[in-house]
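[1] Any chance you could fold what I've pasted below:
(one chain, ligands or ions: 1)
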Amino acid sequence: MDLNNDYVLRTDHLTKIYGPQISVKNLSIHVQKGKIYGLLGKNGAGKSTTMKMILGLIKPSSGTYSLFGKDMSKITNSELKSIFSKVGNTIESPGFYPNLTGTENLRIFAKLRKLPEKTIESSLTKLGLPYKDKKLFSEYSLGMKQRLAIANATMNSPELLILDEPINGLDPEGIVDIRKLLIDLSQNQGTTILISSHILSEMQLIADDIGIIANGALLVESKLQDLIEQNSNSFVFKVSNSANAAKILEQQFKIKDIVITNQQKLSISHAITDSAAIIKAFIMNGIDVQAAYLKEGTLENYFESITNGGASHE
Ligand SMILES: Nc1ncnc2c1ncn2[C@@H]1O[C@H](COP(=O)(O)OP(=O)(O)OP(=O)(O)O)[C@@H](O)[C@H]1O
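    Next comes the predicted model:
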């Protein structure tokens, strides 16, 4: 990534230790102005802990971070207030009152921020929630609760929006709505967004940049596009003898970029068009073929390969 860029948020070796547990380890991430940054990791990877440190909800054990160019370990209380007035988030998960409606709940937060009534209506409408209806928060579905949290976080048009797993619990229609909203906020309003998720197919559709964390440590930080291009399609064969199969690919088909995964699996690091001819050649040489398929260069496949196991899909 371009390290000379204009960062709205930057962490520098941020670390959080709970007793024997290192929840976040030397994490340095760089979030550029107006971009959507996807913080990706399995459950327990350290995403929420990172976000809580950035929001000042928990204190880092070591390391620093800056918001809007200000080193947060060196700022005054009044600067702190003005910086956080430009940040919206869904992590503090405002104690929404169960016995109030969505509108009544947002009205409380709007009053605290001195926002007019019309922002409540427009925030709710943008998130597909009813304005001034009778449904109590306690009767909301998980998806509606998520939408209300995002409506609350975006109500004061924050410059930086920090969203912890905002699409968890949403139905497909809800996911599309949130995707459109976030892309609109980033592209048309210049909002910078840090979003955590383990739903990689969705992150591939919205993120500009990504950081992948595992066991609290950053494994990779990259422009999403670069990462997808560098990890393009591959073609996989599951066979009875991968060493012999590799020889046939090299000698008969002049294919060079072959990766032997194990005795029964190998892949070619690009898409191929003559898989039928290859399978025929394998069989004629006494090699059984259990499977032959194109593995797309998706974020999900990349994530699986570097985290050694696969994303959580719950
Ligand atoms: N207050 C705490 N005390 C002790 N350990 C904690 C505390 N908060 C988080 N942890 C641990 O730190 C690690 C990272 O947790 P964190 O919630 O940041 O992960 P996450 O990536 O957000 O995962 P999830 O998606 O499940 O929330 C986990 O092992 C968790 O058990």
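[2] Which strands or helices does the helix or strand of the chain with the lowest mean pLDDT pack on?
    Between all helices and strands in the chain, the lowest mean by mean pLDDT, DSSP states H and E belongs to helix 299-307, at a mean of 83. When contacts are defined as 3 or more CB pairs under 8 Å, 6 or more residues apart in numbering; DSSP states H and E, helix 299-307 packs onto helix 200-206, strand 209-214, strand 217-223, helix 224-230. C-beta: built from backbone N, CA, C; applies to glycine.
[3] With distance to residue 166 as extra columns, can I get these in CSV?
    What follows is the helices and strands packed on helix 299-307, written out as CSV (distance: least, CB to CB, whole Å):
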stretch, distance to residue 166
helix 200-206, 10
strand 209-214, 16
strand 217-223, 21
helix 224-230, 18
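[4] looking at the ones you listed, which is buried most?
    Comparing the helices and strands packed on helix 299-307 by mean neighbour count (mean count of other CB atoms under 10 Å), strand 209-214 ranks first with a mean of 24.
[5] quick revisit: looking at the helices and strands packed on helix 299-307, which is nearest to the ligand?
    strand 209-214 (7.2 Å; CB to the nearest ligand atom).
[6] circling back: now render the helices and strands packed on helix 299-307 as CSV, adding mean pLDDT and distance to the ligand.
    Shown next, in CSV, are the helices and strands packed on helix 299-307 (pLDDT from 0 to 100; distance: least, CB to the nearest ligand atom, whole Å):
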stretch, mean pLDDT, distance to the ligand
helix 200-206, 91, 13
strand 209-214, 95, 7
strand 217-223, 94, 11
helix 224-230, 85, 19
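[7] who are the neighbours in contact with residue 254?
    Applying CB atoms under 8 Å, 6 or more residues apart in numbering to residue 254 gives no contacts.
[8] what sits up against the least confident helix or strand of the chain?
    40-42, 200-201, 203-204, 210, 212, 214, 219-220, 224, 227-228, 231, 295, 310-311.
[9] One more: stretch 203-214?
    1, 27, 29-32, 35-42, 45-47, 50, 179, 182-183, 186, 195, 197, 218-224, 227-228, 298-300, 303, 306-307.
[10] hang on, isn't residue 283 packed against residue 289?
    Yes: contact criterion CB atoms under 8 Å: residue 283 and residue 289 qualify, at 6.6 Å.
[11] Between these two, which is the more surrounded one?
    residue 289 (16 against 12; other CB atoms under 10 Å).
[12] can you pull the contacts of that one?
    Counting by CB under 8 Å, 6+ apart, residue 289 has contacts 237-240, 279, 282-283.
[13] Any idea what it is bridged to?
    residue 239 (DSSP bridges).
[14] Would you pull up the residue in the stretch 151-300 of the chain closest to the ligand?
    For the stretch 151-300 of the chain, CB to the nearest ligand atom, closest residue to the ligand: residue 165, 6.1 Å.
[15] what's around that residue, how many residues?
    As a measure of burial, residue 165 has 18 neighbours, counting by other CB under 10 Å.
[16] That one contacts residue 196, correct?
    Yes: look at residue 165 against residue 196 with CB under 8 Å: they come within range, at 5.7 Å.
[17] which neighbours do the two share?
    Common neighbours of residue 165 and residue 196 (CB under 8 Å, 6+ apart) are residue 47.
[18] Go ahead and measure how far stretch 127-140 is from the middle of the chain.
    Using CA atoms, centre = their mean, to the nearest Å, the distance from the centre of stretch 127-140 to the centre of the chain it belongs to is 28 Å.
[19] actually stretch 9-21, not the one I typed
    For stretch 9-21, the distance to the chain centre is 19 Å (CA atoms, centre = their mean).
[20] Name the residues of that stretch that come out as buried.
    9-11, 14-16 (16 or more other CB atoms under 10 Å).
[21] List just the nearest of those to the ligand.
    residue 16 (7.5 Å).
[22] Identify the residues contacting the closest one.
    Residue 16 neighbours (CB under 8 Å, 6+ apart): 22-24, 46, 49-50, 53, 58, 60-61, 216.
[23] Buried ones among the contacts of stretch 203-214?
    27, 29-32, 35-42, 45-47, 50, 182, 186, 195, 197, 218, 221, 223-224, 227-228, 299-300, 303, 307.
[24] how about the helices in the chain?
    Listed in chain order, the helices of the chain (DSSP state H) span 47-54, 77-84, 102-112, 117-126, 142-154, 172-189, 200-206, 224-230, 242-253, 275-284, 299-307.
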